[in-house]
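Colleague: Could you work out the structure for the sequence below:
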Amino acid sequence: MAFDTLPHSAALKLDLMFEGIRYSEALGAAAQHAFPNFYPYRFKPGETDPTGSGKATIPYLLTFEDGTLSRIQGNGESPWVVSGESSSGYVLQHSADANKRLAIEFEPLPQWMRQQTSDGLSMAQAGVSLHGDMAVINVAPGCQYFTADKQDGVSMRCIFCTYGKPDARTNVLGQDLDQVALPDLAYRRMQETLRAVVAE
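Modeller: Alright, predicted model coming up:
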């Protein structure tokens, strides 16, 4: 299918996948009430950083008026930027084209993400995520190929992947890269969280 025959929302989603969205005060504020992005916004050298930390929490998903979901990828060089606020609504606009201006919403932060499992873990850390009406279970986020030695100078990890890097999530979920089995506690936490998701 040629790019110019795609539905408008599909073409825009494709555009955002490659160009991302530049940080703005509105995007940062939306993170307070939106489903959080597992990958923080990372400020580029020279980019204004209101946090002073080099990174900021941003929402994970935005929704166009026709219901199309798009993941948010931060990019300090993107022509796309978010303005507005929760009370009056948010707008996605293109800095070089005034005609590219669209009303958007952010996937809201669900109540279950504010709850805890029976052993006190935040359900937001239990390895469960939502993409619209689809639940994604990932209780083993670390990928052993991410840390493997290069073979003939070539990395063993997927060239597009930043998700599989072992990090704090790996530790919280009890994943050991040298063990195939996960601890029973990881499954119990996931089950409790899924019950809360379904109930909501």
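Colleague: Look up how far Gln125 lies from Leu182.
Modeller: 15 Å (CB to CB, to the nearest Å). No exception for glycine: its C-beta is placed from N, CA and C like everyone else's.
Colleague: got it, and Asp176?
Modeller: Asp176 is 17 Å from Gln125, by CB to CB.
Colleague: Neighbour count: the two, which is higher?
Modeller: Gln125 (16 against 13; other CB atoms under 10 Å).
Colleague: List phi and psi for the closest residue to that one other than its chain neighbours.
Modeller: Using CB to CB, 6 or more residues apart in numbering and skipping residues adjacent in sequence, the residue nearest Gln125 is Val172, 5.1 Å away. Phi and psi for Val172, reported as degrees, to the nearest 10, are phi -60, psi -40.
Colleague: do you know how far Ala124 is from Phe38?
Modeller: Applying CB to CB to Ala124 and Phe38 gives a distance of 10 Å.
Colleague: neighbour-wise, which of these two wins?
Modeller: Between Ala124 and Phe38, Ala124 has the larger neighbour count (other CB under 10 Å), namely 18 against 13.
Colleague: Surely the more buried one touches Gln116?
Modeller: No - counting by CB atoms under 8 Å, Ala124 does not reach Gln116; the two are 9.5 Å apart.
Colleague: check contacts around Gln115.
Modeller: Each residue near Gln115 by CB atoms under 8 Å, 6 or more residues apart in numbering is listed here: Ser122, Met123, Ala196.
Colleague: Quick one, which of those residues are buried?
Modeller: Buried members of the contacts of Gln115, scored by 16 or more other CB atoms under 10 Å, are Met123, Ala196.
Colleague: ok, back up a step: distance check, the residue nearest to Gln125 against Tyr39.
Modeller: 16 Å.
Colleague: Surely the residue nearest to Gln125 touches Ser122?
Modeller: No - counting by CB under 8 Å, Val172 stays clear of Ser122, with 9.0 Å between them.
Colleague: which stretches of this structure have low pLDDT?
Modeller: Along the chain, the model assigns pLDDT under 70 to residues 1-4, 162.
Colleague: And the helices in the chain, which stretches?
Modeller: Counting by DSSP state H, one finds helices in the chain at the ranges 8-19, 25-30, 144-147, 168-172, 184-199.
Colleague: Ser87: which of these is closest?
Modeller: helix 25-30 (10.8 Å; CB to CB).
Colleague: Could I have the CA atoms of the closest one written out in PDB?
Modeller: Coordinates of each C-alpha in helix 25-30 appear next as PDB, following Å, rounded to 0.1, in the frame of the first residue of the first chain:
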ATOM      1  CA  GLU A  25       5.500  21.300  29.700                       C
ATOM      2  CA  ALA A  26       2.200  19.900  28.600                       C
ATOM      3  CA  LEU A  27       3.700  16.400  27.900                       C
ATOM      4  CA  GLY A  28       5.400  16.300  31.200                       C
ATOM      5  CA  ALA A  29       2.200  17.400  33.000                       C
ATOM      6  CA  ALA A  30       0.200  14.700  31.300                       C
END
